[in-house]
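Peer 1: A predicted structure for the sequence below; I have some questions about it.
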Amino acid sequence: MDKIVNAVAKNLDLSQNRPIKELIYEALRKTIILGDIPAGVRINEKYFSEMMNISRTPIRYALKRLADEDLVIRKPGIGVIVKGISVKDAYEIYAIRKELDALATRQAMRLMTTDEFEQLNQLLLATNHLNEAGDVTAVLQKFSEFNQFIYDKSQMYRLKTIAVELQAYLIYFRDICIRSTDRCDLALAEHWLIYRGMLNQDINQINLITHEHLNHSLDFIVKEMRHRHLE
């Protein structure tokens with residue numbers, strides 16, 4: 001259990017001026033998704049509270065939210081058991097995302113003005129500069145802005161909400177993969193292809209590149225998950 005407490009503490013950022021219950025929830029969530037608390041492990045609320053030197057209230061709040069997300073389950077007479085996510089979950093999430101992203105991109109393509117296409121172009125040029133400078137953290141932020149820009153311009157806000165919730169499960173793996181491989185260069189090149197497809201109003205290219213882009217991302221994520229024995 002000490003190993004698990006240490007893993008959560010490592011992901012707990014107390015420098016943020018936010019409610020402790022939210023910080024505990026995010027730290028636990030990240031630790032579970034990355035498999036640093038393996039599936040099947042029981043989380044003892046009282047013990048966890050004592051080891052982390054915090055009250056049980058924020059831990060109880062975090063565990064409730066994690067149960068709502070199906071990342072942990074409550075078993076009568078046993079307690080809270082970690083469920084986590086698996087490679088199968090990753091395939092399901094990406095199968096949905098491929099359809100949602102392609103739909104949002106096609107819709108944004110139809111609605112975007114000339115000025116907005118230029119804004120997207122400038123966003124990609126800025127990402128190029130950051131990538132050449134080796135600032136991976138800033139590049140990751142630009143990747144998120146690229147996706148957000150397209151969803152915003154699609155004006156399909158319910159679709160965006162669904163996509164953001166799905167992406168949240170695997171974004172930790174995406175960050176690890178891009179930081180540790182040449183995936184960063186490839187992902188940026190794919191974003192340029194998506195942009196050009198939108199600029200050319202080429203639906204077939206958008207569908208093809210969006211699916212390829214997410215397939216490549218999924219390959220890296222599954223490799224990392226299997227490395228962590230998250231079958």
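Peer 2: Everything's here; your move. Nothing here was measured: the structure is a model prediction, and the numbers come from that model.
Peer 1: strands along this structure, start to end?
Peer 2: 42-43, 72-75, 79-82 (DSSP state E).
Peer 1: in a markdown table: those strands, plus mean pLDDT.
Peer 2: Listed next are the strands of the chain as a markdown table, based on pLDDT from 0 to 100:
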| stretch | mean pLDDT |
| --- | --- |
| strand 42-43 | 90 |
| strand 72-75 | 91 |
| strand 79-82 | 92 |
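Peer 1: switch the ones you listed over to CSV; also include mean neighbour count.
Peer 2: C-beta: built from backbone N, CA, C; applies to glycine. Below are the strands of the chain laid out as CSV (neighbours: other C-beta atoms under 10 Å):
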stretch, mean neighbour count
strand 42-43, 17
strand 72-75, 15
strand 79-82, 18
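Peer 1: export the ones you listed to TSV and tack on distance to residue 203?
Peer 2: Listed next are these as TSV, based on distance: least, C-beta to C-beta, whole Å:
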stretch	distance to residue 203
strand 42-43	47
strand 72-75	42
strand 79-82	43
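Peer 1: residue 107 is nearest to which of those?
Peer 2: strand 72-75 (35.9 Å; C-beta to C-beta).
Peer 1: in stretch 148-162, what counts as buried?
Peer 2: Across stretch 148-162, burial judged by 16 or more other C-beta atoms under 10 Å covers 149-151, 153-154, 156, 159-160.
Peer 1: so which one among those residues has the lowest pLDDT?
Peer 2: Among those, residue 160 carries the lowest pLDDT, at 87.
Peer 1: can you give me every residue that contacts that one?
Peer 2: Counting by C-beta atoms under 8 Å, 6 or more residues apart in numbering, residue 160 makes contact with 104, 151-152, 154.
Peer 1: farthest pair in the residues you listed?
Peer 2: 104 and 152 (9.4 Å).
Peer 1: return the residues in contact with residue 217.
Peer 2: 94, 174, 177, 183, 187.
Peer 1: looking at these, which one is closest to residue 135?
Peer 2: residue 187 (14.7 Å).
Peer 1: hmm, back to that, residue 167: which of the contacts of residue 217 is nearest?
Peer 2: The closest of the contacts of residue 217, once distances to residue 167 are taken by C-beta to C-beta, is residue 174, at 8.2 Å.
Peer 1: residues near that closest one, how many?
Peer 2: 20 (other C-beta atoms under 10 Å).
Peer 1: my read: it touches residue 222, true?
Peer 2: No: using C-beta atoms under 8 Å, residue 174 is not in contact with residue 222, being 11.8 Å away.
Peer 1: tell me the pLDDT at the spatially most central residue of the chain?
Peer 2: Residue closest to the mean C-alpha point of the chain, counted by C-alpha atoms, centre = their mean, is residue 171 at 2.0 Å. Residue 171 carries a pLDDT value of 76.
Peer 1: quick one: it and residue 57, what's the gap?
Peer 2: According to C-beta to C-beta, to the nearest Å, residue 171 stands 28 Å off from residue 57.
Peer 1: now do the contacts for residue 97.
Peer 2: Contacts of residue 97 by C-beta under 8 Å, 6+ apart are 163, 166-167, 214.
Peer 1: format these as CSV; extra columns: distance to residue 204.
Peer 2: Rendered in CSV, the data for the contacts of residue 97 read as follows (distance: C-beta to C-beta, whole Å):
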residue, distance to residue 204
163, 22
166, 25
167, 25
214, 16
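Peer 1: taking these one by one, which sit in helices?
Peer 2: In this view, the contacts of residue 97 that belong to helices under DSSP state H are 163, 166-167, 214.
Peer 1: just to check, residue 82 is in contact with residue 39?
Peer 2: Yes: here residue 82 reaches residue 39: they are 5.5 Å apart, a contact under C-beta under 8 Å.
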